[in-house]
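1. Please work out how this folds:
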Amino acid sequence: MSNNVAHDRVDLRSRRTEQHLRDALVALMAQRGYDSITVVDICDRAMVHRTTFYKHYEDKFDLLDDVLDTRLLELLGPDVLAGDPARPGPDEVAHLLLRMAGRIQADRDFFGLLASPDATSLVPRLTEALRRRLLETPRGARASAHDRERAELQAHLHAALIVNAITWWMARPDRLTPAEVAEVLTGELTR
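-> This next block holds a predicted model:
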């Protein structure tokens, strides 16, 4: 067996283990909330030994960060991080936010967790993860190179607005459609 084949198997097994751990955390969060979950609970649910868990993650906070980053990548889509609009206009922002709202609607089981009473630890972590993602976009990187402090503040404000809008929407799922949520966010982000 060549080294590449052996490496591919290990990599596939590693990715599968991480996916099982992420799925276990999300399932447990839906049942009991995040704060009451332990690493042992996650390992039991994923049918993974604790030593295996610690080969992949430092602790449950590290795993949560991975879950949030994975969800944000799915939410934003690869085109957001790869695109290079110098200053996206309202139409581009509206299109992006409409796609995001549709993806949030489709993943309501996960994003609905933000509206739970136990979400106090999730909201700031998701806001921080989204802030980092916004700074990684070509526009965010360009803004950071020009004026780091200003770019960081803008990314934080946009992330906080989006996460709080998601939280509000998930607590009131029947009040606004994804298009209406996107429209309101577009108005706020493009003033």
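
2. Show me which parts of stretch 117-124 are buried, residue by residue.
-> Neighbour counts using 16 or more other CB atoms under 10 Å place 119, 122, 123 of stretch 117-124 among the buried residues. All C-beta atoms are positioned from the backbone trio N, CA, C, and that covers glycine.

3. how distant is that stretch from the center of its chain?
-> 13 Å (CA atoms, centre = their mean, to the nearest Å).

4. Averaged pLDDT, it. What do you get?
-> Stretch 117-124 shows a mean pLDDT of 81 in the predicted model.

5. contacting residues for residue 113?
-> By CB atoms under 8 Å, 6 or more residues apart in numbering, the contact list for residue 113 reads 26, 29, 30, 34, 119, 122.

6. hmm, 10 Å instead?
-> Residues in contact with residue 113 (CB atoms under 10 Å, 6 or more residues apart in numbering) are 26, 29, 30, 33, 34, 119, 122, 126, 167, 170.

7. From residue 189, how far out is it?
-> For residue 113, the distance to residue 189 (CB to CB, to the nearest Å) stands at 24 Å.

8. mind showing which ranges of the protein have poor pLDDT?
-> 1-10, 77-90, 140, 144 (pLDDT under 70).

9. for it, what spans make up the helices?
-> Ranges of helices in the chain, per DSSP state H, are 3-32, 39-46, 50-56, 60-76, 78-82, 90-106, 108-111, 122-136, 138-146, 148-171, 178-189.
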